[in-house]
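In: sequence? don't have it. structure:
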């Protein structure tokens, strides 16, 4: 599948390097805004990661970075109002959807510009075949990690069609659908919506620049899974970070402390302290 020239470094293919560098660019941008280290280290790391991102020639990673950076720039303005922040996320999602439809309508022109074929290096056919395979077990799927087993599993049908033997459907929702069915897709959608709202609320509670990290990562994670699969992957760094972010934004004040704060007057708490 990966016939277009591009650096891949220690990764199996260039998309792996590109996605990791897009993630690193996001980290360095947030760290630079929060001044978590010296400017030489932060700017040097950012430039190095940006160069490697460009050398990977991963269109998916470049597109994700191009969508994530405007969000980072606009985030401080959006944090003044929760509704404004939610509206901004909806606008970003709508813009991304509109871009996808526009690309589909002008696929010949777009693919000529970026040096791809009309099939997006085989992704369109893979999505179509994976969709048909998912319809065979629509509600509960084939079981977690039970589909992509090469010639020893249901994926043999896809491997016989594609000479490059795809290891996953190159789409996060299709991957979950094949593994856990529409029930799993619905649960994932609800979870992402809940964590996005909690991340937005957490971002608004503090003025610290690094507070944008959970929200920015969730946006990055959702965008990256449009053309790659990193949802519920075993030993996958991006899924591990997703779980860590989800746990982080779900932490709340213990009920005992909340009850004490409501019942004990301020003056009495001062005397107790």
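Out: Done, it's in. Source: prediction; values computed, not measured.
In: first vs last residue of stretch 5-16, how far apart are they?
Out: This stretch, stretch 5-16, spans 14 Å end to end (Cα to Cα, to the nearest Å).
In: Oh, that last question was meant for stretch 30-44, not what I typed.
Out: The distance separating the two terminal residues of stretch 30-44, taken as Cα to Cα, comes to 14 Å.
In: Distance from that stretch to the middle of the chain?
Out: Taking Cα atoms, centre = their mean, to the nearest Å, one finds stretch 30-44 lying 23 Å from the centre of the chain it belongs to.
In: so where's this structure shaky on pLDDT?
Out: Judged by pLDDT under 70, the chain has its weakly predicted residues at 1-4, 78, 82, 85, 96-97, 99-108, 110-121, 252-273.
In: Where is the longest helix in it?
Out: helix 172-204 (DSSP state H).
In: Next secondary structure after that helix?
Out: helix 213-224 (DSSP states H and E).
In: Which elements pack onto that following helix?
Out: helix 14-34, helix 59-78, helix 82-105, helix 172-204, helix 237-250 (3 or more Cβ pairs under 8 Å, 6 or more residues apart in numbering; DSSP states H and E). For glycine as for every other residue, the C-beta is placed from the backbone atoms N, C-alpha and C.
In: The fourth one: which residues count as buried?
Out: This points to helix 172-204. Counting neighbours by 16 or more other Cβ atoms under 10 Å, one finds that the buried residues in helix 172-204 are 172-181, 184-185, 188, 192, 195-200, 202-204.
In: rewinding a little: where does the longest helix of the chain sit relative to the chain's centre, distance-wise?
Out: If you compare the mean C-alpha spot of helix 172-204 with that of the full chain, they lie 11 Å apart, counting by Cα atoms, centre = their mean.
In: Between helix 59-78 and that helix, find me the angle.
Out: Note on geometry: by axes from the mean of the first three to the mean of the last three Cα atoms, to 10 degrees, helix 172-204 and helix 59-78 are set 20 degrees apart in direction.
In: other SSEs contacting helix 172-204?
Out: Secondary-structure packing of helix 172-204 (3+ Cβ pairs under 8 Å, 6+ apart): helix 82-105, helix 123-136, helix 213-224, helix 237-250.
In: If we use 6 Å, what do you get?
Out: Helix 172-204 makes packing contacts with helix 123-136, helix 213-224, helix 237-250 when contacts are defined by 3 or more Cβ pairs under 6 Å, 6 or more residues apart in numbering; DSSP states H and E.
In: With respect to burial, which of these scores highest?
Out: Taking mean count of other Cβ atoms under 10 Å as the contact definition, the stretch among the helices and strands packed on helix 172-204 with the greatest mean neighbour count is helix 213-224, which reaches a mean of 23.
In: Excluding sequence neighbours, find me the nearest residue to residue 45.
Out: Using Cβ to Cβ, 6 or more residues apart in numbering and skipping residues adjacent in sequence, the residue nearest residue 45 is residue 28, 5.0 Å away.
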